[in-house]
Every structure is written in C-alpha cells, then in structure tokens.
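A.B. asks: The following comprises the amino acid sequence and a computationally predicted model.
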Amino acid sequence: MTRKYFGTDGIRGRVGEPPVTADFVLKLGWAAGKVFSEHFQGRKLILVGKDTRVSGYMFESALQAGLIAAGVNVGLLGPMPTPAIAYLTRTFRAQAGIVISASHNPFDDNGIKFFGGDGYKLADAIEHQIEDHLDYPLHTSISSELGRANRIADAAGRYIEFCKGTLPSRLTLNGLKIVVDCANGATYHVAPDVLRELGAEVVAIADEPDGLNINADCGSTHPQALTREVLARGADLGIAFDGDGDRVLLVNHLGEVVDGDEILYIIARHRIESGAGCSGVVGTQMSNLGLELALKDLGVPFVRTRVGDRYVIEAMRGNGWLLGGENSGHIVCSDLTTTGDGLVSALQVLQAMVQSGKSLADWSQAMHKFPQVMINVRLREKIAVDTLPEVQAAVRDAERQLADQGRVLLRPSGTEPLVRVMVEGADRALVQKLAEAIAAVVTRAIA
C-alpha cells in the first residue's frame, strides 16, 4: 500500500507547508492516540520528545492537544536525542514514543516520527492505520476520559546513566581529550556530561542552541569546525552528532574524518579481537566497497539494504546480527539499543581505543576506503530519473569505464526533493569526472 504522509523516516517537510502544519500535527496526535489505544494493551501513555528547533514548541503543543483529546496521557521529555526517546519509551512501558525532529535538516524543516512500545520504528501496517484515522472526523473524548500531561523532569539523567551503562563498569576515559560538536541540537545537554562523567576532558562546541542554529555549519553534516577545533586543541579525537543525535562522525587527532563505514569496521573488529565476536554486519547501497572488503578479510559476512535505518534494522533482525549502519554515521548496535544512537556508537569506538591503547587513527587506517563521490541534484518534482533514456545511457557509459573496479548508484532522497548521484571506484580522478558527468546529464534531463 502507498503511504500518503509517511516517508522512510516519519513525516518531514518545511514548517508551515502541508503536512508540517500545526493543524495537521494536532490531528496526527489524535489519530495516533486512537490507533495506539485501540490496538495496544497496557499503560495508556505516549512520550513526546523533540530536538531544539524553534518550531518544536508549536508541534509539541499540537501533539499534546491531539493525544489528550484521544484520551491518552502524555509524558513530555523536552529536548532529547531521538535514541533517548526510543530508550525511555521502553523503560516507561509507554505505548509509543513520538519524536519532533527533522534530524540533520535545516531549522526551517521539521517532522514527526514514531517508536512503538518496544523501542523500534513503527511497522508499515500501523502507519497505514494512523493515516486512515486522519481521514476520520476528530472527536474529543468526554471530559472524564481526557488524557493528562506531565513533564518528565529526570529524562536527561536517565538517558545519561543508560549511555554510561553500555560500557564495562570499570572502564574510564581518563587521559582522553575529546572535542564534542553537538550541532546545536538535542545532544547539547547530555553528550558532554556522559563523557565528562566517564573521565574525559571535554571541549564542547555548537552546544548553545537558539532554535535557529541547529545543524548550521556544525555537526556531522559539517565537520569542518570540529576538525579545526581538534587540531587547535591537540585533542585525541572529536565527535560530531547531527541535530537529533542518531548519527555520529568522528575526527582523529590528525584532523581526518572517520565516517560511519569506518566506525562499523572499528566496532566489528574490536568485538572480534576482544572475543565477543561479530556474526555479520548490515550496510546499505551507499556503504563503501572498502568496508565490504575489510570485513571479508575478518571473515565477517556483509549484506546491503536500501538506504534507511529501518531497512538496516529489518535485515539485522532477519539475520540475527547485532551490528549495522550507514556511512552517514547512523550506527545500530542492537545488543545495546533498538535504534541508531550516535552517543552509544561513539562510546563503542572509545572502548576499542581504551582497551587496545591504540589511537583512532590506528584503528581506522586498517580499512582502505575506495574514493566515493556523491552529487545531489535538486528536483522540482518527484521523478524516477533512472528511467530516463539519456540518464541510463550515461550510467552505462560510466559503468563501462569503471569495469569491475567500481559502481554507480542513483538514489532519490527519502526526505528531500533530491536525487543523489554516487560513483565509487579505485581511481579518484575518474570517479570525480564520471559523477560530474552523470549529474550534468540528470540536470539537463529534468530541465
């Protein structure tokens, strides 16, 4: 069935443009409240958290009103990372958790995504039911059956203790100097505290959100500021989150960016070397060929899925594997949590560094990444560009030049009107030339 509003990661768009409007979100809260009340037993409670966008206040109030009208109690978490909301939904035995966030997008976007009571993203069938209820008239429960709302004051402290608990009890980060880029987002009041309480010397940047500066020239999508700070401070490493804290990128002491593919490799290799083992790793179509080859050398199976953490998690659960993620830094350690968690993933890498005595640069250099170039081409409307004859011809020509030493991928964004042109191969200059050529053909074809 085709979903009308939900994309690969909830509902997302420009604030004030349908469906990201106050009236729609109020109705969405009511519809979700009705669906969860009708189909799920147990405590009639839904948690609501948000990132630091100024529009979050408006949508928090709208969701709260809709849920209460549906007869559901609401626990307000305030600004919290997306993975924290997944964790707290489980620990509070809530029926669901709702996140108000547009992740790595600019401040003038926002969105709504859901977790079920088990801490996992909603199944497609539940999203369809919520969409069906959006077509029903909104009926407010009688006064005696209205929900109530309360603010959960210790939400941050609970999540901080959870993150620390993902490491061995006696492991400390004493002696490490770490620069943390919070993207002026939801990790600003938790990530620095976790690292400090574990013993690290922490320099926090982009940790003063004002509602408008989330992801603005900072965070995992703009690691340049972190790189400069790591080099200037002589830090051991830097950690960059995105606006809602489900992604992470690292910077080593040399100022080199360590992406999600390299983070996956480090975690997998450390688990093998420490005796915990790694039964397999799930990546995506965008995962670097170098990751696949490096895992093969370790004897670790590797499979690719469509881009999107829901597909990664589905494949992990289907294979019974505990590790998966995306090169964007969305890493899932399912023995520790149910969704991508930037802070938990960073702690796994820090554990590898501390227990081995090796630097981040030492760990990442064992994986050779193939040059990979991605160019975003903005679309005026959704169109399957890979079906256009001139685009198909350009892709075939590129694949012929790459032979068996690379690959080409055209992928529409699930959250923005973009098509991503990705070319990967052994020859960096050729990869750059082919990516630019295909992007130019796509641009002409959609003009």
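C.D. replies: Sure, I can see it.
A.B. asks: Would you verify that Gly277 is located in a strand?
C.D. replies: No: counting by DSSP: H, G, I helix; E, B strand; the rest coil, Gly277 falls outside a strand, being coil.
A.B. asks: Run through the residues that contact it.
C.D. replies: Gly277 is in contact with Arg271, counting by Cβ atoms under 8 Å, 6 or more residues apart in numbering. Heads up, the C-betas are built off the backbone N, CA and C, glycines and all.
A.B. asks: Could you check how far it is from Asp51?
C.D. replies: From Gly277 across to Asp51, the span is 36 Å (Cβ to Cβ, to the nearest Å).
A.B. asks: Ok, Lys358 next?
C.D. replies: Computed as Cβ to Cβ, the Lys358 to Asp51 distance reads 34 Å.
A.B. asks: Neighbour count for the two, which is higher?
C.D. replies: Using other Cβ atoms under 10 Å as the criterion, Lys358 and Asp51 rank with Asp51 on top: 30 against 15.
A.B. asks: My understanding was that that one contacts Phe241; is that so?
C.D. replies: No: assessed by Cβ atoms under 8 Å, Asp51 is found out of contact with Phe241, at 10.6 Å.
A.B. asks: hey, what's in contact with both of these two?
C.D. replies: With Cβ under 8 Å, 6+ apart, Asp51 and Phe241 have common neighbours Gly185.
A.B. asks: ok, for Val300, nearest residue in space, not its chain neighbours?
C.D. replies: Take Val300 and drop its neighbours on the chain: the residue closest to it by Cβ to Cβ, 6 or more residues apart in numbering is Cys278, 5.2 Å away.
A.B. asks: who touches that neighbour in this structure?
C.D. replies: So Cys278 contacts Ala268, Arg269, Arg271, Ile272, Leu298, Val300, Leu322, Leu323 (Cβ under 8 Å, 6+ apart).
A.B. asks: what's the following helix or strand after the helix or strand hosting the first one?
C.D. replies: Secondary-structure element containing Ala268, defined by DSSP states H and E: helix 260-273. The element immediately downstream of helix 260-273 (helix or strand, assigned by DSSP H and E) is strand 281-284.
A.B. asks: Now do the next helix or strand after that next one and helix 260-273, the angle between them.
C.D. replies: Sequence-wise, the next helix or strand downstream of strand 281-284 (DSSP H and E) is helix 289-298. Put simply, helix 289-298 runs at 10 degrees to helix 260-273, going by axes from the mean of the first three to the mean of the last three Cα atoms, to 10 degrees.
A.B. asks: and helix 289-298, what does it pack onto?
C.D. replies: When contacts are defined as 3 or more Cβ pairs under 8 Å, 6 or more residues apart in numbering; DSSP states H and E, helix 289-298 packs onto helix 260-273, strand 281-284, strand 302-305.
A.B. asks: Can you tell me the element Gln432 falls in?
C.D. replies: helix 428-446.
A.B. asks: Could you chop the chain up by domain?
C.D. replies: The record's domain parsing of the chain by automatic domain parsing lists 11-153, 177-256, 259-369, 372-446.
A.B. asks: winner for burial among those?
C.D. replies: Each of these was scored by mean neighbour count; the highest is domain 177-256, a mean of 23, by mean count of other Cβ atoms under 10 Å.
A.B. asks: Can you check the distance spanned by that domain, start to finish?
C.D. replies: The first residue of domain 177-256 is 16 Å away from its last residue (Cα to Cα, to the nearest Å).
A.B. asks: Then stretch 95-113?
C.D. replies: In stretch 95-113, first residue to last residue: 14 Å (Cα to Cα).
A.B. asks: Quick one: mean pLDDT for that stretch?
C.D. replies: Computed over stretch 95-113, the mean pLDDT rounds to 96.
A.B. asks: Format the domains of the chain as CSV; extra columns: distance to Gly165.
C.D. replies: Below are those laid out as CSV (distance: least, Cβ to Cβ, whole Å):
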stretch, distance to Gly165
domain 11-153, 11
domain 177-256, 10
domain 259-369, 9
domain 372-446, 32
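A.B. asks: returning to what we had before: could you dump the contacts of Cys278 to CSV with distance to Thr337 and pLDDT?
C.D. replies: Listed next are those as CSV, based on distance: Cβ to Cβ, whole Å; pLDDT from 0 to 100:
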residue, distance to Thr337, pLDDT
Ala268, 17, 98
Arg269, 20, 98
Arg271, 16, 98
Ile272, 21, 97
Leu298, 23, 96
Val300, 21, 97
Leu322, 11, 97
Leu323, 12, 98
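A.B. asks: Could you export those as TSV, including distance to Ile446?
C.D. replies: As requested, the contacts of Cys278 are exported to TSV (distance: Cβ to Cβ, whole Å):
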residue	distance to Ile446
Ala268	39
Arg269	42
Arg271	45
Ile272	46
Leu298	42
Val300	40
Leu322	41
Leu323	38
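A.B. asks: one step back: compare the domains of the chain and give me the one nearest Arg3.
C.D. replies: Across the domains of the chain, Arg3 has its closest neighbour in domain 11-153 (6.1 Å, Cβ to Cβ).
A.B. asks: Pretty sure Leu343 sits in a helix.
C.D. replies: Yes: assessed by three-state DSSP, Leu343 belongs to a helix.
A.B. asks: ok, it to Tyr87 distance?
C.D. replies: Computed as Cβ to Cβ, the Leu343 to Tyr87 distance reads 11 Å.
A.B. asks: Give me the phi and psi angles of Val202.
C.D. replies: The phi and psi values for Val202, taken as degrees, to the nearest 10, are phi -120, psi 130.
A.B. asks: That one bridge partners, please.
C.D. replies: For Val202, the beta-bridge partners under DSSP bridges are Ile178.
A.B. asks: Name the SS class of Gly340, please.
C.D. replies: coil.
A.B. asks: if I pick it, what's in contact with it?
C.D. replies: Gly340 makes contact with Thr82, Pro83, Asp246, Arg247, Asp309, Gly325, His330, Ile331, Val332, according to Cβ under 8 Å, 6+ apart.
A.B. asks: Which member of those residues is positioned nearest Asp404?
C.D. replies: Distance to Asp404, by Cβ to Cβ, is smallest for Gly325 among these, at 26.1 Å.
A.B. asks: contacting residues for the closest one?
C.D. replies: For Gly325, the contacting residues are Gly260, Ile263, Leu264, Val282, Gly283, Asp309, Val312, Ile331, Val332, Gly340, Ser345, by Cβ under 8 Å, 6+ apart.
A.B. asks: For the closest residue to it other than its chain neighbours, give its distance to Leu249.
C.D. replies: Nearest in space to Gly325, with sequence neighbours left out and distances taken as Cβ to Cβ, 6+ apart, is Ile331 at 3.8 Å. According to Cβ to Cβ, Ile331 stands 10 Å off from Leu249.
A.B. asks: where do the contact lists of the two overlap?
C.D. replies: In contact with both Ile331 and Leu249: Gly260, Ile263, using Cβ under 8 Å, 6+ apart.
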